[in-house]
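# sharing a sequence plus its predicted fold:
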Amino acid sequence: MAEHGYRVPDVTKIVGISYRQLDYWARTGLVRPSVKDAQGSGSQRLYSFQDLALLKLIKRMLDSGMNLRQIRTAMRTLRNLKRPALGTTLVSDGNRIYSVESPEEVVDLLASGQGVFAIAVDKVWTDLEGTLAKASRKKGRGARAAGGA
């Protein structure tokens, strides 16, 4: 039975990163493919939906001005949370990244002018679901058109 997962070319398109970034992040352990990791030259990595969500989150943090060292720390913290990351909002003051549990806390941090960005993990998740559904619909239409239906 074939394992279901997303191949590297699809992952780079969906997440909006280069092959080199994805490869580096996998080799350094930032996000390893959970379905199937590389097993030497010529082997194929397969990423799960959850892997894609983490990659999208990392991309958003990079786009918000965070560096990889800070992002690695944030990802370790997310992995160590006693609760799932879904439902978490991340806020940064440019030096530290905070996990915020209520909308009031986000407002307080941003109102004092310290917040650089806030990322709702739920939003990354739902955006990714929409992107994948849209891509799936496009592939379905392309297959029907090629088949003469």
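Noted; the coordinates are in hand. Residues are numbered from 1 along each chain as shown.
# residue 33 contacts residue 5, doesn't it?
Yes - using C-beta atoms under 8 Å, residue 33 is in contact with residue 5, at 7.1 Å. For the C-beta atoms, the positions are set from N, CA and C on the backbone; glycine is no exception.
# can you list residues touching both of these two?
46, 47, 48 (C-beta atoms under 8 Å, 6 or more residues apart in numbering).
# so who does residue 58 touch?
25, 30, 31, 71, 75.
# and residue 123, what helix or strand is that in?
Assigned by DSSP states H and E, residue 123 falls within helix 121-147.
# so which bits of that helix are buried?
Neighbour counts over helix 121-147 (16 or more other C-beta atoms under 10 Å) mark 121, 124, 125, 128, 131 as buried.
# closest to residue 13 out of these?
Nearest to residue 13, judged by C-beta to C-beta, of these is residue 131 at 9.3 Å.
# for the protein, which segments count as helices?
For the chain, the helices defined by DSSP state H cover 8-15, 19-27, 49-63, 68-80, 103-111, 121-147.
# could you dump the ones you listed into a markdown table with distance to residue 92 added?
Listed next are these as a markdown table, based on distance: least, C-beta to C-beta, whole Å:
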| stretch | distance to residue 92 |
| --- | --- |
| helix 8-15 | 20 |
| helix 19-27 | 19 |
| helix 49-63 | 8 |
| helix 68-80 | 8 |
| helix 103-111 | 9 |
| helix 121-147 | 14 |
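# by mean pLDDT, show me the worst of these.
Sorting the helices of the chain by mean pLDDT places helix 103-111 lowest, at a mean of 56.
# hang on, the earlier thing: relative to residue 39, which of the helices of the chain is closest?
Across the helices of the chain, residue 39 has its closest neighbour in helix 19-27 (12.5 Å, C-beta to C-beta).
# next one: residue 141 from residue 134, what distance?
Computed with C-beta to C-beta, to the nearest Å, the distance linking residue 141 and residue 134 is 11 Å.
# who are the contact partners of the closest residue in space to residue 25 that isn't next to it in sequence?
Closest residue to residue 25 apart from its sequence neighbours, by C-beta to C-beta, 6 or more residues apart in numbering: residue 31 at 5.3 Å. Counting by C-beta under 8 Å, 6+ apart, residue 31 touches 25, 51, 54, 55, 58, 75.
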